[in-house]
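>>> after the sequence you'll find the predicted model.
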Amino acid sequence: MTMPRESFGSKLGFIAAASGSAVGLGNLWKFPYITWENNGGAFVLVYLAAALMLGLPIMMAEIFIGRTAKLSGAPAYKKLGGNKWSKLGYLGAAAGGIILSYYMVIAGWSIRSFFQCLNWSFTGYVQPDSKEFGDFLADSRAQILLTLAFTLVNAFIIFLGVGKGIEKATKIMMPVLVLLMLYLVGTALTMPGRDEAFSMIFSLDFKNMKPEGYLEAVGQAFFSLSLGLGAMVAYGSYMKKSDPIISSAAWVVVLDTLFALLSCVAMFTIILSVPELKEHLSGGTVGMLFITLPELFYTKMPGGLILAPLFFVLVAFAALSSTLSLGEVVTSLLIDRKGWKRSKAVMVSTTFIFTGSIFAALSLGGNQFLSKLNFENTPVLKIFFHNKTGVLSLLDHLAANWLLPVGGLGVTIFVGWFLHSDFLLDKLGLKKSTIGFKLWLWSLRVLAPAAIIILIISVALGKDFS
């Protein structure tokens, strides 16, 4: 006897969960960083166009697969397209598991930073030694314990199920995320760099945009929306038949984009208000997020005693809302494919992923072999892992640059070319082909595949989107 499938309690529940999946650390730190690197305004416009013309159609396609099949990942592709297409679902699950294994490590850092800032808020800020964060990364015990803590929270929410766990948690976290972001933006806007920040973000100066910025904008729009790894297929399988795909996907894209833009406003204002901060930007996004910003909160920003710990609550919630979807990709696959109970699926998937997390955590300096692992002397593998060293960096590069684009390309081919248009119209509840339907199909058949193929070729030539 087949057990009835869980479902989101409402359209709002789906939007909260799917938006949480899309809104992650990439919005909070990577988008502002690459927007700054590409001089703002023109890059933002290209990103918005890519999110609308590429991200939205692919998201709709993934949700369509899940909602139609009422299954996740591989079983959904098998039901709609036959056994050969199930490999695409397994590829997505592999990408989700790989990303989750190292994402948990980074997410664990937010716990440490929160308590560190909380201590400073009560006892007074003391500038850490320049080697302090590096020593923390090399502390194997700390890395594993923090990763385990975040992993257990994530597993517990997934164990509770779709309605009582994921939906309930994201309905709480997403409003909190928005309020915390608005508080950060509001505080930042009291700083002197406000006007210059708005000018830089929203002025359309294509002359100062780097040529590769166009490609980076398309890549960021694709990766930011959690496409190509089966998260939206899994979440779509829990939608009610009456829930509309178009408006649901549109809300997710809008909320994800707004969060990214708000992050830009806050970060640009802070950067332009503190001249010496520009010197730290070349150190990368991680250093800026976990090293530079805490110091700024206490030494430069108004209300820093409150803002600093709250900021890392924001970071933790942004990470958790994404890890829930990644964990559900693997969990739902085991439930649908193996017929396991959710408790067993969560236990097995969590154990497997945490094992991978240990290797990633130890590759930050705790273990020399894992920290220095690379494929520079292996000609074939070198193509896939350009100048990457350490397990965490290798996994990040593999997932972001190869697995996600290939998975996304597969989705466009499957829905755009393999599934018959009459079948699509019937499952969408449309009696005839509309202009919107034709534009969606054209994007899936032509525009999106062309853009993804260009991304894949650029990665093969050395471009890095991780």
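Good, I have the coordinates. Numbering: from 1, shown residues only.
>>> in three-state terms, label the closest residue to Gly410 other than its chain neighbours for me.
Nearest residue to Gly410, sequence neighbours excluded (CB to CB, 6 or more residues apart in numbering): Leu88, at 4.3 Å. (Each C-beta comes from the backbone N, C-alpha and C, glycine too.) Of the three states, Leu88 takes helix under DSSP: H, G, I helix; E, B strand; the rest coil.
>>> buried stuff in the strand or helix carrying Thr269?
Under the criterion of DSSP states H and E, Thr269 resides in helix 245-273. Going by neighbour count (16 or more other CB atoms under 10 Å), the buried part of helix 245-273 is 245, 248-253, 255-257, 259-273.
>>> next: stretch 136-147.
For stretch 136-147, a neighbour-count test (16+ other CB under 10 Å) marks Phe136, Leu137, Ala138, Asp139, Ala142, Gln143, Ile144, Leu146, Thr147 as buried.
>>> let's have those residues in TSV, adding distance to Lys79 and pLDDT.
Listed next are the buried residues of stretch 136-147 as TSV, based on distance: CB to CB, whole Å; pLDDT from 0 to 100:
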residue	distance to Lys79	pLDDT
Phe136	47	95
Leu137	44	94
Ala138	47	96
Asp139	47	97
Ala142	45	97
Gln143	41	97
Ile144	39	98
Leu146	40	98
Thr147	35	98
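>>> in JSON lines, list those residues along with distance to Asp464.
JSON lines is the format used below for the buried residues of stretch 136-147 (distance: CB to CB, whole Å):
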{"residue": "Phe136", "distance to Asp464": "25"}
{"residue": "Leu137", "distance to Asp464": "21"}
{"residue": "Ala138", "distance to Asp464": "24"}
{"residue": "Asp139", "distance to Asp464": "27"}
{"residue": "Ala142", "distance to Asp464": "28"}
{"residue": "Gln143", "distance to Asp464": "24"}
{"residue": "Ile144", "distance to Asp464": "27"}
{"residue": "Leu146", "distance to Asp464": "26"}
{"residue": "Thr147", "distance to Asp464": "24"}
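>>> tell me which of those fall in helices.
Phe136, Leu137, Ala142, Gln143, Ile144, Leu146, Thr147 (DSSP state H).
>>> from Phe8, how far out is the residue nearest to Gly410?
Distance from Leu88 to Phe8, counting by CB to CB, to the nearest Å: 24 Å.
>>> which is the next helix or strand following the helix or strand of the chain with the lowest mean pLDDT?
Every helix and strand of the chain was ranked by mean pLDDT, DSSP states H and E. The lowest is helix 285-287, at a mean of 66. Next helix or strand after helix 285-287 toward the C-terminus (DSSP H and E): helix 293-299.
>>> which helices and strands does that next one pack with?
helix 86-123, helix 304-338 (3 or more CB pairs under 8 Å, 6 or more residues apart in numbering; DSSP states H and E).
>>> for Ile15, find the nearest of those helices.
Ile15 sits nearest to helix 304-338 of all these, at 12.3 Å, using CB to CB.
>>> okay, buried residues for that closest one please.
Going by neighbour count (16+ other CB under 10 Å), the buried part of helix 304-338 is 304-305, 307-337.
>>> cool, stretch 377-388 as well?
Within stretch 377-388, the residues that qualify as buried are Phe384, Phe385, His386, Lys388, counting by 16+ other CB under 10 Å.
>>> again, but for stretch 6-16
Glu6, Ser7, Phe8, Gly9, Lys11, Gly13, Phe14, Ile15, Ala16.
>>> please enumerate residues in contact with it?
Outside stretch 6-16, the residues that touch it by CB atoms under 8 Å, 6 or more residues apart in numbering are 17, 161-163, 167, 170-171, 174, 235, 238-240, 243-244, 248, 251-252, 255.
>>> quote the end-to-end distance of it.
From the first residue to the last, stretch 6-16 extends over 16 Å; the measure is CA to CA, to the nearest Å.
>>> how far is it from where the chain is centred?
Its chain's C-alpha centre and that of stretch 6-16 lie 20 Å apart, by CA atoms, centre = their mean, to the nearest Å.
>>> what about Asp129, which SS state?
Under three-state DSSP, Asp129 comes out as coil.
>>> for it, phi and psi?
As for Asp129, its main-chain torsions (degrees, to the nearest 10) stand at phi -60, psi 150.
>>> okay, now it: neighbour count?
9 (other CB atoms under 10 Å).
>>> contacting residues for it?
Going by CB under 8 Å, 6+ apart, Asp129 touches no other residue.
>>> re the thing from before, with respect to pLDDT, which of the buried residues of stretch 377-388 ranks lowest?
Here the lowest pLDDT out of the buried residues of stretch 377-388 sits on His386, with 82.
>>> so it: helix, strand or coil?
Following three-state DSSP, we place His386 in the coil state.
>>> related to what we said a few turns ago, ok, which of the helices and strands packed on helix 293-299 comes nearest Trp442?
helix 86-123 (21.5 Å).
>>> flag every buried residue along that closest one.
In helix 86-123, counting by 16+ other CB under 10 Å, buried: 86, 88-89, 91-114, 116-118, 120-121.
>>> roughly how far does the residue nearest to Leu362 when sequence neighbours are not counted sit from Ala308?
Distance criterion CB to CB, 6+ apart; nearest residue to Leu362, sequence neighbours excluded, is Leu370 at 5.0 Å. Applying CB to CB, the value for Leu370 to Ala308 is 32 Å.
>>> what does Val459 give?
Distance of Val459 to Ala308, given as CB to CB: 37 Å.
>>> can you check Phe290 too?
12 Å.
>>> for Ser421, same thing?
Distance, Ser421 to Ala308, using CB to CB: 54 Å.
>>> thank you, goodbye.
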